[in-house]
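# below: sequence and its predicted model.
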Number of protein chains: 2
Amino acid sequence: MGVSKTELFTEQQNEIAVLAKALAHPARIAILQHLISARQCITGNLVDVIGLAQPTISQHLKELKASGLIKGSVEGNSVCYCIDPQRWEAVQNILGQLFSDYNSEHSCCS
Amino acid sequence: MGVSKTELFTEQQNEIAVLAKALAHPARIAILQHLISARQCITGNLVDVIGLAQPTISQHLKELKASGLIKGSVEGNSVCYCIDPQRWEAVQNILGQLFSDYNSEHSCCS
DNA sequence: CATAACAATCGTAATATTGCAATGTAGCGC
DNA sequence: GCGCTACATTGCAATATTACGATTGTTATG
């Protein structure tokens, strides 16, 4: 019914899904990649770079901040965003683990 | 308006977002983890393990198959699913690249 | 203090996702 | 063939997401 039955799954499975959801929009990938190459960026700048309206960018920034991947600090009358290094590494490990848990020696049923 | 403006973004950004979306549900994570540990599994078995109705599992399997992460082969009147090794590694690299592109030496605006 | 600049929030429309009952389809045993 | 089992597909209701105009803070700056 449009609502995920999170109670059926482990905390780890839900955490991975939530993290993946944070990455599941090209605008948020674009924001992250721009923060990676520019090191830091204010909202207005991201609005220009990405090409979506300001409220939309603000909304995506809010989701990225909620996932912990980025953090923002007020600088004068603008807000400066950047990657959160510790969280970035933690998420890298969580997702990396999922993939490295698979041993490709496994044979398939084909 | 509920529709992503994919035309604003690079093919790579859209690809990452689509892959992340495939992982953005705990049921699909649970399915993948079960396929990792059990090596292979038929649909009915997954229905029992996950605890969602059969049509719902079928739908999640369809999305995972569309992303290429798993493949299914018909065995008699049941269908056996497993991780696709090549695709698994490719996706691992695509997502891994995103995270490793970040150099944590970067300073933040805080 | 008025005003401009910047960004967050609110409200709303359009679309997507999730979940399941009902139904359809295909293989197997008889 | 007929019934049975396993799975996919369809159709629908409930909820979530995406996007943006309008509005509301918040912080300089004149």
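Perfect, thanks for sending it. As the structure is a prediction and not an experimental result, all values here were calculated from the model.
# so A:Cys82: helix, strand or coil?
Counting by DSSP: H, G, I helix; E, B strand; the rest coil, the backbone at A:Cys82 sits in strand.
# any idea how far A:Glu105 is from it?
Going from A:Cys82 to A:Glu105 by C-beta to C-beta, to the nearest Å gives 41 Å. In this view, the C-beta of every residue, glycine as well, is placed from N, C-alpha and C.
# and the residue in chain A positioned nearest to DNA strand C, what pLDDT?
Proximity of chain A to DNA strand C (C-beta to the nearest atom of the strand) peaks at A:Gly44, 2.6 Å away. Turning to A:Gly44, the model gives it a pLDDT of 97.
# what's the closest non-adjacent residue to it?
Residue nearest to A:Gly44 in three dimensions, not counting chain neighbours: A:Ser78, with 6.5 Å by C-beta to C-beta, 6 or more residues apart in numbering or on different chains.
# just checking, the one you found touches A:Thr43?
Yes: under the contact definition of C-beta atoms under 8 Å, A:Ser78 touches A:Thr43, with a separation of 6.7 Å.
# neighbour count for the two, which is higher?
Taking other C-beta atoms under 10 Å in any protein chain shown, A:Ser78 and A:Thr43 do not tie; A:Thr43 has more neighbours (15 against 11).
# helix/strand/coil for the closest residue to that one other than its chain neighbours?
Once flanking residues are discounted, A:Thr43 sits nearest to A:Val79: 5.5 Å by C-beta to C-beta, 6+ apart. What three-state DSSP gives for A:Val79 is strand.
# gap between A:Val79 and A:Val47?
For A:Val79, the distance to A:Val47 - C-beta to C-beta - is 12 Å.
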